[in-house]
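In: Next comes the sequence, and after it the predicted model I'd like to discuss.
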Amino acid sequence: GEDVEQSLFLSVREGDSSVINCTYTDSSSTYLYWYKQEPGAGLQLLTYIFSNMDMKQDQRLTVLLNKKDKHLSLRIADTQTGDSAIYFCAESVSAGKSTFGDGTTLTVKP
Amino acid sequence: DARVTQTPRHKVTEMGQEVTMRCQPILGHNTVFWYRQTMMQGLELLAYFRNRAPLDDSGMPKDRFSAEMPDATLATLKIQPSEPRDSAVYFCASGLQGNYGYTFGSGTRLTVV
């Protein structure tokens, strides 16, 4: 079945860039997503990328997709303490359900 | 901003009691999901609906869990009887055809004692 894997933890200094990585197994994935979850809250969709794209930029966020290696990354420029949260990678095939990774806990140190 | 509304936000109940969680999806979204989140298992898909019809409930313990959409503005998840191992945060999410991502509710934190 589909599988999405992420490293569990990442720690960075305020002002540095953060890069969160994700790998997936389903080569027919059509959409790939990044969600953010803050304590006590639901997941919030940050951005998504279609599988026919290599890169998408949205303000401080840059998503890179390497479809050949089935590798997705999220770069957060100028990371702030407010970016501390759990970040989930997810994929879906066409209009189907999404498969989520286990989440990467990002800690931003002042 | 449109949002997914879940009630109650918190529920503490005794083992064996029935629990009902409710979700109001975003108007116009035709796909509704129920997820459960625990520290040990992460995010698990329990069931999902499209145009109110159940598409997949394979993640749900059938003997005690049931999910329904009595109308387009309400989704329910019931547990009867509840057990301590059901303690978790239950999220509802809605989307359009499942494309472009989902909008999650704030969750129902269930504690079964």
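Out: Done, it's in.

In: For the chain, which helix or strand comes out least confident on mean pLDDT?
Out: In the absence of a named chain, this looks at chain A. strand A:98-100 (a mean of 90; mean pLDDT, DSSP states H and E).

In: ah, I was thinking of chain B
Out: Per mean pLDDT, DSSP H and E, strand B:99-104 ranks last in chain B, at a mean of 87.

In: mind listing what it pairs with, with the direction of each?
Out: Applying DSSP bridges to the sheet, strand B:99-104 is found paired with strand B:88-96 (antiparallel).

In: what's the nearest residue to whatever residue of chain A ends up closest to chain B if we skip its chain neighbours?
Out: Residue nearest to chain B within chain A: A:Gly42 (3.4 Å; Cβ to the nearest Cβ). Glycine gets a C-beta too; all of them are placed from N, C-alpha and C. Distances taken as Cβ to Cβ, 6 or more residues apart in numbering or on different chains place B:Phe104 nearest to A:Gly42, at 3.4 Å, with adjacent residues excluded.

In: who are the neighbours in contact with that neighbour?
Out: Neighbouring residues of B:Phe104 by Cβ atoms under 8 Å, 6 or more residues apart in numbering or on different chains: A:Tyr35, A:Gly42, A:Leu43, A:Gln44, B:Val4, B:Phe91, B:Cys92, B:Ala93.

In: who does it bridge with?
Out: Beta-bridge pairing of B:Phe104, defined through DSSP bridges, involves B:Ala93.

In: For B:Gly95, see how far away it is.
Out: Taking Cβ to Cβ, to the nearest Å as the measure, B:Phe104 falls 10 Å from B:Gly95.
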